[in-house]
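Colleague: predicted coordinates and the sequence they were generated for:
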Amino acid sequence: MKSIIVTLVIALLPVSGTVFAEEPERIGVYDSRAIAIAWAGTDIFKSELSDLRKRHAEAEEAGDTELASKLESQGRESQEQLHRQGFSTAPVDGILARFQEPIAAAMKKAGVDVIVSKWDEETLAGYRSAERVDVTMELVVAMDPDERQLGFVRKMGDKPPIPLEELEKTLAEGHE
């Protein structure tokens, strides 16, 4: 599973090729599902979804069935990806990348130089001796989601994620 490591010096970098001279003493771990759930309650997400719906409606109104179909497909794919992220363990790198400055500030406040999804066992194995600090809520709050999504994040608790393979099967069957 590919992950993103966030450093205070260079906001977001892919894990591959990132080398630290020495292992950090503390790393932040987060529940990627909470990030995805919070994302759905941000102004950026709502604006992009509204724009997609508007462009779809305009294409249908203009009789451009090809564009309408393409936009519908795009919306469906985005929704399925959000389900993978919000209910399972799919990476949320693209979401975190949209909030570089507030995420960096949250990391500084938490005293961590690196953040890693708690489901990314491969990357976490590279930080065996580092203290792990749960920064999930700090990252969620940094994204400034609406109260509804914050409520969903708080209710998640320790519920385990749906295994990705199981979720993929459900999505393929057309269930949501």
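Modeller: Sure, I can see it. Numbering: from 1, shown residues only.

Colleague: C-alpha only now, for contacts and for neighbours.
Modeller: Noted.

Colleague: next helix or strand past the worst-scoring helix or strand of the chain on mean pLDDT?
Modeller: Least confident helix or strand, the chain: strand 12-14 with a mean of 38, by mean pLDDT, DSSP states H and E. Downstream of strand 12-14, the next assigned helix or strand under DSSP states H and E is strand 26-30.

Colleague: that next one pairs with which strands?
Modeller: strand 115-117 (parallel), strand 131-134 (parallel) (DSSP bridges).

Colleague: in the longest one, which residues are buried?
Modeller: By neighbour count, and taking 16 or more other CA atoms under 10 Å as the criterion, the buried residues in strand 131-134 are Arg132, Asp134.

Colleague: the shortest one too?
Modeller: When neighbours are counted by 16+ other CA under 10 Å, the buried residues of strand 115-117 are found to be Ile115, Val116, Ser117.

Colleague: take these and lay them out in JSON lines including distance to Glu165 and pLDDT.
Modeller: Shown next, in JSON lines, are those (distance: CA to CA, whole Å; pLDDT from 0 to 100):
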{"residue": "Ile115", "distance to Glu165": "25", "pLDDT": "97"}
{"residue": "Val116", "distance to Glu165": "21", "pLDDT": "97"}
{"residue": "Ser117", "distance to Glu165": "18", "pLDDT": "97"}
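
Colleague: closest to Glu80 among those residues?
Modeller: For the buried residues of strand 115-117, the closest approach to Glu80 (CA to CA) belongs to Ser117, at 19.7 Å.

Colleague: and the residue nearest to the closest one when sequence neighbours are not counted, what does it touch?
Modeller: Nearest in space to Ser117, with sequence neighbours left out and distances taken as CA to CA, 6 or more residues apart in numbering, is Tyr30 at 5.0 Å. Tyr30 makes contacts with Ile115, Val116, Ser117, Lys118, Asp134, Val135, Thr136, Leu139, as judged by CA atoms under 8 Å, 6 or more residues apart in numbering.

Colleague: which non-adjacent residue is nearest the first one?
Modeller: Taking CA to CA, 6+ apart as the measure, Ile115 lies nearest to Gly28, with 4.4 Å between them; neighbours along the chain are not counted.

Colleague: ok, and for the longest helix along the chain, which residues are buried?
Modeller: As assigned by DSSP state H, the longest helix anywhere in the chain is helix 65-87. Across helix 65-87, burial judged by 16+ other CA under 10 Å covers 67-68, 71-72, 75, 80-87.
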